[in-house]
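J.: Need a 3D model of the sequence below.
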Amino acid sequence: MSNTTSDLQTLWDLIKDIKFGMLIHRHSDGSLQGHPLTTQNKSMDESSMLYFFISQKSEMATRLRSDSNVNVSYADTGADNYVSIAGTAQFSDDAAKKDELFNPIVKAWFPGGVTDPDLALLEVRISHAEYWNAKDSKLTQLFKMAKSAVTGEPPKNMSEHKELRVS
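T.: Numbering: from 1, shown residues only. Next up is the predicted model:
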């Protein structure tokens, strides 16, 4: 496991075009609950942070204030790329960051703009990430699985798998 700039760039490259991440948090009854959220980042910054806008009044905001441990998962099934990110959620009052990330789509949910009192900027500081990145075409993957079915040997080198510890 490592934390190189190259690894973080690979992580960003895998998630940057995925419209929604599933943010998972602990519900008050102890169960896990997920919410689809749009990642607002324009890039992965040096602080290894993901940004989301949510409602201050939402149940999710209430839960995150009492338990900030989260997971954000991304899937690009067309490219066979999967990412799981563990981290800590916190709310930010950084007006400049809100202004930088705010866009017309967000305005549909928060018509008052960046000063909307219900707008909360949620930061997820990445502590651990894991990804599976298929390098082969679908045809090659199918061939490897068919060969595996015939030989009884598990398929090899189906994808790149990597874990990152981020501090």
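
J.: Show me the shaky parts of the chain.
T.: In the predicted model, the chain carries pLDDT under 70 at residues 1-5, 136-152, 154-160, 162, 167.

J.: Which residue lies nearest the spatial centre of the chain?
T.: In the chain, the C-alpha nearest the mean C-alpha coordinate belongs to residue 72, at 4.1 Å (C-alpha atoms, centre = their mean).

J.: Next, the contact list for it, please.
T.: By C-beta atoms under 8 Å, 6 or more residues apart in numbering, the contact set of residue 72 is 21-24, 37, 39, 50, 84-85, 87, 124. Glycine gets a C-beta too; all of them are placed from N, C-alpha and C.

J.: now do 6 Å
T.: Residues counted as contacts of residue 72 (C-beta atoms under 6 Å, 6 or more residues apart in numbering) are 21, 23, 85.

J.: Report the strands that pair with the helix or strand where it lies, each with its relative direction.
T.: With the criterion set as DSSP states H and E, the secondary-structure element containing residue 72 is strand 69-76. Paired with strand 69-76 in the same sheet, following DSSP bridges, are strand 20-26 (antiparallel), strand 81-92 (antiparallel).

J.: Tabulate those (CSV), appending distance to residue 44 and mean neighbour count.
T.: Putting those into CSV (distance: least, C-beta to C-beta, whole Å; neighbours: other C-beta atoms under 10 Å) gives the following:
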stretch, distance to residue 44, mean neighbour count
strand 20-26, 13, 18
strand 81-92, 11, 18
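
J.: Looking at those strands, spot the one closest to residue 98.
T.: Shortest distance between residue 98 and the strands paired with strand 69-76, using C-beta to C-beta, is found for strand 81-92: 7.8 Å.

J.: just to revisit the earlier point, identify each buried residue in the strand holding residue 72, please.
T.: Neighbour counts using 16 or more other C-beta atoms under 10 Å place 70-75 of strand 69-76 among the buried residues.

J.: Using PDB, list the CA coordinates for that strand.
T.: Included here for strand 69-76 are C-alpha records, laid out as PDB according to Å, rounded to 0.1, in the frame of the first residue of the first chain:
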ATOM      1  CA  ASN A  69     -16.900   7.500   9.400                       C
ATOM      2  CA  VAL A  70     -18.000   7.000   5.800                       C
ATOM      3  CA  ASN A  71     -17.400   5.000   2.700                       C
ATOM      4  CA  VAL A  72     -17.800   6.300  -0.900                       C
ATOM      5  CA  SER A  73     -18.000   3.700  -3.600                       C
ATOM      6  CA  TYR A  74     -17.900   4.200  -7.400                       C
ATOM      7  CA  ALA A  75     -18.600   1.800 -10.200                       C
ATOM      8  CA  ASP A  76     -18.000   2.200 -13.900                       C
END
